[in-house]
Structures are given as C-alpha cells and as structure tokens.
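Starting from these lines, generate the structure:
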Amino acid sequence: MHSHSEICFFGLNYPPEPTGIAPYTGALAVELAKKGYGVTAHVAQPHYPEWSIRDGFKQWVRVERLSGVDVRRRLHYVPKSPRGIRRLISELTFGLRLVLIRWGNPDVAIAVSPSLFATALVALRLRLSPRPPRLVVWVQDIYTLGLAETGEGSRVAQRITRWIEGATVRAADQVVVIHQRFASFVVQELRVDKSRVSVVRNWTHLAETEPVDAAEARALLRWPENVVLAVHTGNMGSKQGLENIVEAARLADARDLAVHFLLVGDGGERTMLEERARGISRITFVDPLDDDEYRLALGAADVLVVNEKPGVSAMAVPSKLTSYFDSGRPVVGATDPGGITAAEVEAADAGVIVQAGEPEALLDAIVQLAADPETAARFGSNGRRYRTSVLDQDTAIERWTSVIEHVSASAGAPSDRNQATVRERII
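As a prediction, this is how the structure comes out:
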C-alpha cells in the first residue's frame, strides 16, 4: 500500500466520456487509488467527443468521489468546432482554471497532453512554486506533429507550438509516452533526456470477454443484416479524414454492393460529414455508445475501420485500436503505410492497410476481406492475442506504478530537470 503518497491528475478528459483519453486517465486514477495512493483528478466537465458540455455537468465546479478518486470538475470554454484559435482558447481557459485553484500538497502531479497548453500552464505554476511536486507529463498526442501533418496553423504557429511542447516536456521529471515512436521523437526532436522518457502502452478499457456473436449483436442494435458491416468508432475530427469513408459509401451505392458503413461517435466534423453523406443509402451515423453497446457495435461488424487523413502518420496512436483488437474482428486501416497506425496493425497481424484518402481502395479491401472468412478470422484471433500479450491493463498499471515510485523516491534530491532549466535560463 502507498497511503502516504498523494497524486494529482490534471487533464481535460475523464469518465463518463466514453472514448479518447478519458477511459485511460480514469482507469489509471482508479487503479492507483486501489493500490492505496491518495488520488485527486482535476478535470473538465464531460464534453468529448460531441464538443458540448453534457446535461447535468454545467456547474462552475462539481466535486465527486468516484471509485476512491476525488474528482473535481471545472467548467471551461468548449467550442462546437474545435479548430485553430477556438481550440487554443478552450485549452487556455481550462489551464487558467487549473493554475488558479488550490492543489493541496501532492507528491506527484500527472498532467495529460492533450491538453498541451493546459499542461504547459501547470508546468509553469510548478516552476514558480517553492516546493513543487514531481511532474509527470503523459503524452497521448504530439501537437508538433499534429499541426504539421494536418496542415493546420501557420509556420509561426507551428514553431510556437513546437517551442511550448518542447519546453513543457523538458520541464517534467518524467515523460510517459504511449508508443516507442513517440519516445524517439521526444528524445530526438524535443530534446528530452532519454533517461526521463518511459513507454507505457495504452490498453483496452473493455473487460476481457469472449467475442460477441455478430448476428445477436446486430439484432440487439437493430443494425442491417445480410450485408457486410464496416464499422468505424470514435472521434469524428480533422485528423480522422472520415470523408474518405463517406466517399467509399458513395461508391458502394454506385456499384450496388451489399456493404453498409456505420460511423459511431461524434466530433467537430460530424455535421459536415452528415451533410456530405446526404443522399447516400449505405452509410449511417450512430451517436456515442456506452461500454456494453460499444462492445456490441464492435461485435456486429464484419470489418472494423481505422481511417486517417492523408499525411497523418506519426502524431497519434488511435485509441480505438486497443478495443478493435479485443473484439476479434479484422481491421482495415486507411492510413499512411509507413505510419504509426499501419505499424500497429501490422505488428498485431490483425488486418490490412490501404493508402489514406483512396475510397475505392478502402471499399475493395473491405469487400475482399469479407469474402475471405478464413483470413478475417485469423486476423481477428491475432488481434486478441496482441491485446492480451502487449496491451494488457495490469501490465500498464504496474509500469505506471514503477514510474510514480521512481519519481517519488527522487523527490528529496535536486533534479536534473531543474538543473537543466537553470542552465537554459542562464544561456
């Protein structure tokens, strides 16, 4: 037990948000509390992936005790279209709310990026504190790569973001990333000492069970039968490039193919996608689902789709992949063949990859895979094997415990991080 250690989480996203980062932050907080740590989570009101504050959560401050965790939610600005300056203002308003409150006296602060700019403000306050806790920055997405790969923001904005992201991770006592490629970027491009970077893989947030019967799942969800169901779940944002799926559905209409696409979730681009899909019969939009329904959705699929905008290859590891692999269904990835998502699908040997932004290639891959049930079943089994061997929650929590104990043990000594910061300021 670790009843003497106090941990604070700082992050935009926390359950009951069903997708994205929230399930991981929530699960880690709860599991650490079970181990005897005192855990407080300073988070935003639930708003993702729909980018709208949920009913019942619009209080300026909401304090709850959930599964042993003190959860303190704070209202901030949430734009309906989370792009550019609106996204920046959203993160800054949340960050300002964090720096203007009492934190107590935690031993370790874990700041989650996204939100980078809120995390940067947390790091700044810690730098100005006389006796700061140890800081761990948990990197789920890399903003520097995101701006470059999505084409959003001017060159000046990209340079400023890179400087802020680099300064923020260098201010940490430990940086935890979710993939080895992230670790390489943080060390080589953002100049963080290798000894202060740890890789802890995300895990599936669904409890381990046997795969769901497809026919039963379709009946319960009232989804189409006697067609090939291609299901995409999660955020409908810019980097997903889901217009590619809309165009694949349009092609399926034109060819009169027995294929139906389902886009499950919400996000800043959903309205645009629905407008673009107007008149297409082989595509359906489904609101976010709870865990039980989400498991049914995965099980109802013949093929699970992960789709990324052309050029997006290294900025993020889609969190949906962990649950896709768990489902026992094959994956078709429409993404950069040399990117991190393709590498993950190939490492699991759980599906096929086609070039991003080519709807005909996506449609053809789905049709071919559905016509080869033996290969589809093999991919599904391989995904489940990868989930249990590489993406196991217990393994991840133990690695996190080691990180926390390591930084806690060094709390009494001057850190390399502080000495490096002093050198940078003198230079």
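
switch to C-alpha atoms for all contacts and neighbour counts from now on
OK.

how about Pro106, what does it touch?
Counting by Cα atoms under 8 Å, 6 or more residues apart in numbering, Pro106 makes contact with Ser5, Glu6, Ile7, Cys8, Pro133.

before we move on, which element is it in?
Assigned by DSSP states H and E, Pro106 falls within no helix or strand.

how close does it sit to Asn307?
Separation of Pro106 from Asn307 (Cα to Cα, to the nearest Å): 40 Å.

Out of the contacts of Pro106, who's the most crowded?
Cys8 (25 neighbours; other Cα atoms under 10 Å).

pretty sure it is in a strand, no?
Yes: under the criterion used here (DSSP: H, G, I helix; E, B strand; the rest coil), Cys8 sits inside a strand.

Please tell me how far it sits from Ala29.
In terms of Cα to Cα, Cys8 sits 9 Å off from Ala29.

Now list whatever residues contact both of those two.
In contact with both Cys8 and Ala29: Val39, Thr40, Ala41, using Cα under 8 Å, 6+ apart.

so what pLDDT did the second one get?
According to the model's per-residue confidence, Thr40 sits at a pLDDT of 98.

Report the secondary structure state of it.
Thr40 ends up strand, using three-state DSSP.

Surely it is in contact with Val71?
Yes: counting by Cα atoms under 8 Å, Val71 is a contact partner of Thr40 at 5.9 Å.

can you map out the strands along the stretch 151-300 of the chain?
174-177, 197-199, 228-233, 259-264, 283-286 (DSSP state E, counting those that start in this stretch).

if we compare these, which one ends up closest to Val61?
Nearest to Val61, of all the strands of the stretch 151-300 of the chain, is strand 174-177, at 28.8 Å by Cα to Cα.

helices or strands up against the helix or strand in which Arg387 is found?
Following DSSP H and E, one finds Arg387 within helix 373-389. Packing partners of helix 373-389 (3 or more Cα pairs under 8 Å, 6 or more residues apart in numbering; DSSP states H and E): helix 320-327, helix 340-348, strand 351-354, helix 359-370.

Quick one: mean pLDDT for the last one?
Summarised as a single mean, pLDDT over helix 359-370 is 98.

who does that helix touch, helix- and strand-wise?
Secondary-structure packing of helix 359-370 (3+ Cα pairs under 8 Å, 6+ apart): strand 228-233, helix 243-255, strand 303-307, strand 331-334, strand 351-354, helix 373-389.

Compute the distance from the centre of the first one to the centre of its chain.
Here strand 228-233 shows a centroid-to-chain-centroid distance of 20 Å under the convention Cα atoms, centre = their mean, to the nearest Å.

For that strand, give me every contacting residue.
For strand 228-233, the external contacting residues (Cα under 8 Å, 6+ apart) are 258-265, 297-298, 300-307, 320, 366-367, 370.

Buried members of the residues you listed into ChimeraX, please.
To isolate the buried ones among the contacts of strand 228-233 in ChimeraX, judged by 16 or more other Cα atoms under 10 Å, type:
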select :259,260,261,262,263,264,265,297,298,300,301,302,303,304,305,306,307,320,366,367,370
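
Please save the CA atoms from the helix holding Arg387 in CSV.
What follows is helix 373-389, C-alpha atoms only, in CSV (Å, rounded to 0.1, in the frame of the first residue of the first chain):
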residue,chain,number,x,y,z
PRO,A,373,-13.8,-15.6,-43.8
GLU,A,374,-10.8,-17.7,-43.0
THR,A,375,-8.4,-14.8,-43.3
ALA,A,376,-10.8,-12.5,-41.5
ALA,A,377,-11.0,-15.0,-38.6
ARG,A,378,-7.2,-15.3,-38.5
PHE,A,379,-6.8,-11.5,-38.3
GLY,A,380,-9.4,-11.3,-35.5
SER,A,381,-7.7,-14.0,-33.5
ASN,A,382,-4.3,-12.4,-33.9
GLY,A,383,-5.7,-9.1,-32.7
ARG,A,384,-7.0,-10.7,-29.5
ARG,A,385,-3.6,-12.3,-28.9
TYR,A,386,-1.9,-9.0,-29.3
ARG,A,387,-4.3,-7.4,-26.9
THR,A,388,-3.5,-9.9,-24.2
SER,A,389,0.2,-10.0,-24.7
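
Done for today, thanks.
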